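Enquirer: Can you look at this prediction? I've put the sequence above it.
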Amino acid sequence: MASLPQDKLDALETRFQYVEAALSGGAGPDEFVKFSKEHADLAPIVGEIRAYKKALSDRAEAEVLLESGDRDMAEMAEAEIEELDERIEQMVQAIRILLLPRDEADEKSIILEIRGGTGGDEAALFAGDLFRMYERYAASHGWKVTVMEESPGEMGGFKEIIANVSGKGVYARMKFESGVHRVQRVPATEGSGRIHTSAATVAVLPEVEDIDIEIRNEDIRIDTMRASGAGGQHVNTTDSAVRITHIPSGLVVTSAMKSQHQNRAQAMLVLRSRLYEMQREERDSARSAARKGQVGSGDRSERIRTYNFPQGRVTDHRINLTLYKLDKVIAG
């Protein structure tokens, strides 16, 4: 039966008890915030540890009954031990996962960027399908999705769409979506019924606040411009769109919503997130190479996942997993 490092488990329990005592002992405002966050982080794993220790204790008691000499009691104990061994094994696996080092950005909201890759109009349509898939997934977790910038495709979907997805633990659940997503299907634009292969790229960046990264005023140039509209009364006749250029890095971010003030705030949010991700990648060159290798150029061959509509199949190429549940996946 698999085991866990007892000293590590004991240390986590001791720390949890200390944090609980500090919270109930009248900690100051700053300490209270810090200890509250630590308490929330420790509570799930300490709960698993205590359940694991209780199961080990119950197993030890069953072992005593097994050796008692009473036949009926021994049979009951044997059945209980078999059940406990299965539960303990599951607990060990769960605790091992909880003991893994956590990404500092896991609890953050995200900036989600989806762009049509190889495939023209069909790639834009697929980018739209992916965005709606993530919208439904976000709704199922109680997250809020706010579109920050979009460039519609000529036949529908999006050439590019950037959105803010806010909520607790969004980055932890979404970060592995970054990469090239490939689709195989008969497009709405195809009249002969021939299956096409197209692709779209997804980038997931952790949202950052002012305290995470500093942007000096002298390092940015802010330009205003007229936002494009649908024509007629919908045309934006004021210079409300905003373009921010970060001079040291060369990054350029635009936002073209109705309010110039809102555009500035949204563009700065995207800029901070992109700069933060650049810094994270610089600290970890291996991760940087992996991310660039995943997203690549948006070519069909550089894919992390394939959505095959004729066969109702989804394949994740990183873990060699194939599911024939395409409808459920696309539904979020």
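Expert: Cool, got the structure.
Enquirer: how about the helices in the chain?
Expert: Counting by DSSP state H, one finds helices in the chain at the ranges 6-24, 29-66, 71-99, 121-140, 170-174, 260-283, 285-295, 326-330.
Enquirer: so which of the ones you listed comes closest to Asn217?
Expert: Closest approach to Asn217 among the helices of the chain (C-beta to C-beta): helix 260-283, 11.2 Å. From N, CA and C alone the C-beta is placed, and that goes for glycine too.
Enquirer: ok, and for the closest one, which residues are buried?
Expert: Of all the residues in helix 260-283, those buried under the rule 16 or more other C-beta atoms under 10 Å are 260, 263, 266-278, 280-281.
Enquirer: now swap in stretch 179-198 and tell me
Expert: 179-185, 187, 196-198.
Enquirer: Among those residues, which pair sits farthest apart?
Expert: Across the buried residues of stretch 179-198, the longest distance by C-beta to C-beta is 21.8 Å; it joins Gly179 and Pro187.
Enquirer: low-scoring stretches of the stretch 201-332 of the chain, by residue?
Expert: By pLDDT under 70, the weakly predicted segments of the stretch 201-332 of the chain are 209-212, 226-239, 258, 283-302.
Enquirer: go with 80
Expert: Scanning the stretch 201-332 of the chain for pLDDT under 80 picks out 208-214, 225-240, 256-262, 277, 279-302.
Enquirer: Just the strands from the stretch 151-300 of the chain, written as ranges.
Expert: Counting by DSSP state E, counting those that start in this stretch, the stretch 151-300 of the chain has strands at residues 158-166, 179-185, 196-206, 220-225, 241-246, 251-255.
Enquirer: Which of those sits closest to Arg303?
Expert: Closest approach to Arg303 among those is made by strand 179-185 (4.1 Å; C-beta to C-beta).
Enquirer: average pLDDT for the closest one?
Expert: The predicted model assigns strand 179-185 a mean pLDDT of 92.
Enquirer: for stretch 61-74, same thing?
Expert: Mean per-residue pLDDT for stretch 61-74: 83.
Enquirer: And it, what's buried?
Expert: For stretch 61-74, a neighbour-count test (16+ other C-beta under 10 Å) marks 62, 65-66 as buried.
Enquirer: Next one: Gln93 from Leu100, what distance?
Expert: 12 Å (C-beta to C-beta, to the nearest Å).
Enquirer: wait, Pro187
Expert: Distance from Pro187 to Leu100, by C-beta to C-beta: 41 Å.
Enquirer: Of all the strands of the stretch 151-300 of the chain, which one is nearest Ile45?
Expert: So among those, strand 196-206 is nearest, using C-beta to C-beta, at 22.5 Å.
Enquirer: now the angle from the closest one to strand 158-166?
Expert: 30 degrees (axes from the mean of the first three to the mean of the last three C-alpha atoms, to 10 degrees).
Enquirer: now strand 196-206, how far from the centre of its chain.
Expert: Centroid separation for strand 196-206 versus its chain: 14 Å, with C-alpha atoms, centre = their mean, to the nearest Å.
Enquirer: cool, and stretch 196-215?
Expert: That offset, for stretch 196-215, works out to 11 Å (C-alpha atoms, centre = their mean).
Enquirer: Give me the residues contacting stretch 64-80.
Expert: With C-beta atoms under 8 Å, 6 or more residues apart in numbering as the test, stretch 64-80 has contacts from 58, 62-63, 81.
Enquirer: Looking at those residues, which is nearest Arg243?
Expert: Asp58 (64.3 Å).
Enquirer: residue contacts, the closest one?
Expert: Neighbouring residues of Asp58 by C-beta under 8 Å, 6+ apart: 80, 84.
Enquirer: let's go with 6 Å and repeat that
Expert: Leu84 (C-beta atoms under 6 Å, 6 or more residues apart in numbering).
Enquirer: Arg313 too?
Expert: Contacts of Arg313 (C-beta under 6 Å, 6+ apart): Tyr324.
Enquirer: if you set the cut-off to 7 Å instead, what comes out?
Expert: Under the criterion of C-beta atoms under 7 Å, 6 or more residues apart in numbering, the neighbours of Arg313 are 322, 324, 326.
Enquirer: just these now: which is nearest Val165?
Expert: Of all those, Leu326 has the smallest distance to Val165: 22.6 Å, by C-beta to C-beta.
Enquirer: Could you report the distance from that closest one to Gln184?
Expert: Noted for Leu326: a distance of 11 Å to Gln184, by C-beta to C-beta.
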